[in-house]
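In: what's the 3D shape of this:
(one chain, ligands or ions: 2)
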Amino acid sequence: MKTRGAVCWETGPKAHWEVSELELDPPGDHELLIRWVAAGLCHSDEHVITGDLPCRLPLIGGHEGAGIVEEVGPSVTKVKPGDHVVCSFLPVCGTCRWCSTGRSNLCDLGATLLEGSLPGGAFKFHARGGDIGAMCMLGSFAERSVISEYSAVKVDDDLPLDKAVLVGCGVPTGWGSAVYKAKVGPGDTVVIYGTGGIGINAVQGARHAGAANIVAVDPLANKREKAEELGATHSAASGAEAGELVTRLTNGVGADSSIVTVGTVDATVVEQAFDIIRKGGSVTITGLGPIAEKTIQLSGTMLTLFEKTVQGTIFGSSNPMYDITKMLDLYRIGQVKLDELCTNTYSLDEINQGYQDLRDGKNIRGVVLHAS
Ligand code: CXF
Ligand code: ZN
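Out: Ligands and ions are numbered 1, 2, ... in the order given. Sure thing, here's the model as predicted:
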């Protein structure tokens, strides 16, 4: 069948999303055809455009997606036509070493995430005489995709898909960074660097975990305000300001943990996050940067003497099949806010405006609403 989608054909300073006509193959074994209703504009797709993330090109963008199943291929048991689904940007097979030991965010099927082929190696999209990959095996910047059932999570029909879409990446990635990876606890002091689409959810997670002091660090006033609305107890416009604040709040002891969720991670913010924590504290790095750049440059001696931990996390170390629905359960009872996160919506043809707004700092989360 024919569909349309926003494709990254080349990377670099002038690169952008090009809405292109695509040929889409029917679903094969363990695959399904989905009509996307909504796609979140995450900074990781911007990292594709800049070349920070080394993806096989051409690639259809979009790894935060929610939609409706239109057709299923042979052997699909998880969903049926008509089901509403939110997708995980990490497929979960359920049987590999990582899945079977409670770490399904590290599932071996994720090996071709940036190549954009489905588990088994198939490219379902074609255009201009070649195969086109789909970001994280999803490609939610297309009107329709064929995806693996291992990426799909069925959700209740009454949930608004234009809000539920945010639990495909941004919400569990941020929330889990605080709750699961940083293990924020009651009474803690936690510092969150960057309160955009991921960091704002680290704020929500830290609040849920009972932190006493949640310090949101962001140069943009709109992001600091949103962070305070969703649970930050303090905010700071710079790392230096946050340092002074935390020294005061903790009588010179330092924060229990810090979480790095800036759009582009560099060595400066990681060092600030390292310096601000107490003895035995942790730095959790969730954001991405240019893959070849050494974004961690720290005194190993300080790490040793103060027994500090520096750790990375993907998907906030959440388990997609469990935590995607859990985030939605918490949304229903008002403990995870989604409506407040969506700052602007766009049509597919407006996607480059959406990314310009992201670069200009205007969005917590922009969302593409696909035409039905
Ligand atoms: C990223 C992680 C690397 C692959 C693309 C998605 N996570 C969140 O945006
Ligand atoms: Zn993302």
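In: give me the buried positions along stretch 246-253.
Out: For stretch 246-253, the neighbour count (16 or more other C-beta atoms under 10 Å) marks Val246, Leu249, Thr250 as buried. For the C-beta atoms, the positions are set from N, CA and C on the backbone; glycine is no exception.
In: tell me the helix or strand right after the lengthiest helix in the chain.
Out: The longest helix of the chain (DSSP state H) is helix 320-332. Per DSSP states H and E, the first helix or strand lying C-terminal to helix 320-332 is strand 342-346.
In: and the next helix or strand past that next one?
Out: helix 351-359.
In: quick one: mean pLDDT for that following helix?
Out: Helix 351-359 shows an average pLDDT of 98 in the prediction.
In: again with stretch 264-277
Out: When pLDDT is averaged along stretch 264-277, the result is 98.
In: start the count at 70, not 1, going forward
Out: From this message on, residue numbering opens at 70, which makes the last subject stretch 333-346.
In: using PDB, write out every CA atom in that stretch.
Out: Provided in PDB are the C-alpha atoms of stretch 333-346 (Å, rounded to 0.1, in the frame of the first residue of the first chain):
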ATOM      1  CA  THR A 333      22.500  17.500  24.200                       C
ATOM      2  CA  VAL A 334      24.800  16.200  26.900                       C
ATOM      3  CA  ASP A 335      28.300  17.600  27.200                       C
ATOM      4  CA  ALA A 336      31.200  17.300  29.600                       C
ATOM      5  CA  THR A 337      30.300  20.500  31.400                       C
ATOM      6  CA  VAL A 338      26.900  19.500  32.600                       C
ATOM      7  CA  VAL A 339      28.100  16.000  33.600                       C
ATOM      8  CA  GLU A 340      30.800  17.600  35.700                       C
ATOM      9  CA  GLN A 341      28.300  19.900  37.300                       C
ATOM     10  CA  ALA A 342      26.000  16.900  38.000                       C
ATOM     11  CA  PHE A 343      29.000  15.100  39.500                       C
ATOM     12  CA  ASP A 344      30.200  18.000  41.700                       C
ATOM     13  CA  ILE A 345      26.700  18.600  43.200                       C
ATOM     14  CA  ILE A 346      26.200  15.200  44.700                       C
END
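In: tell me the buried residues in that stretch?
Out: Those would be Thr333, Val334, Val338, Val339, Glu340, Gln341, Ala342, Phe343, Asp344, Ile345, Ile346, for stretch 333-346 by 16+ other C-beta under 10 Å.
In: swap in stretch 267-287?
Out: Under 16+ other C-beta under 10 Å, the buried positions of stretch 267-287 are 267-278, 280, 282-287.
In: returning to that earlier point: from the buried residues of stretch 333-346, which land in helices?
Out: Cross-referencing the buried residues of stretch 333-346 against helices under DSSP H gives Val338, Val339, Glu340, Gln341, Ala342, Phe343, Asp344.
In: would you turn those into JSON lines with distance to ligand 1?
Out: Shown next, in JSON lines, are those (distance: C-beta to the nearest ligand atom, whole Å):
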{"residue": "Val338", "distance to ligand 1": "17"}
{"residue": "Val339", "distance to ligand 1": "17"}
{"residue": "Glu340", "distance to ligand 1": "23"}
{"residue": "Gln341", "distance to ligand 1": "22"}
{"residue": "Ala342", "distance to ligand 1": "19"}
{"residue": "Phe343", "distance to ligand 1": "22"}
{"residue": "Asp344", "distance to ligand 1": "26"}
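In: ok, Ala203 touching Ala191?
Out: No: the pair Ala203 / Ala191 is not scored as a contact, 10.6 Å apart, by C-beta atoms under 8 Å.
In: which one of these two is surrounded by more residues?
Out: Ala203 (30 against 14; other C-beta atoms under 10 Å).
In: list the contacts of that one.
Out: Leu128, Ile129, Gly131, Gly185, Leu187, Lys193, Phe194, Ala211, Ser214, Ile216 (C-beta atoms under 8 Å, 6 or more residues apart in numbering).
In: near ligand 2, anything from stretch 376-389?
Out: No: using C-beta under 5 Å from the ion, stretch 376-389 never reaches ligand 2; the gap is at least 8.9 Å.
In: list phi and psi for the nearest residue to Glu340 once chain neighbours are set aside.
Out: Nearest residue to Glu340, sequence neighbours excluded (C-beta to C-beta, 6 or more residues apart in numbering): Leu367, at 6.3 Å. Backbone geometry at Leu367, expressed as degrees, to the nearest 10, gives phi -130, psi 160.
In: from Gly323, how far off is Leu367?
Out: 15 Å (C-beta to C-beta, to the nearest Å).
In: who's more crowded, the two?
Out: Each of Leu367 and Gly323 has its neighbours counted (other C-beta under 10 Å); Gly323 has more, 22 against 16.
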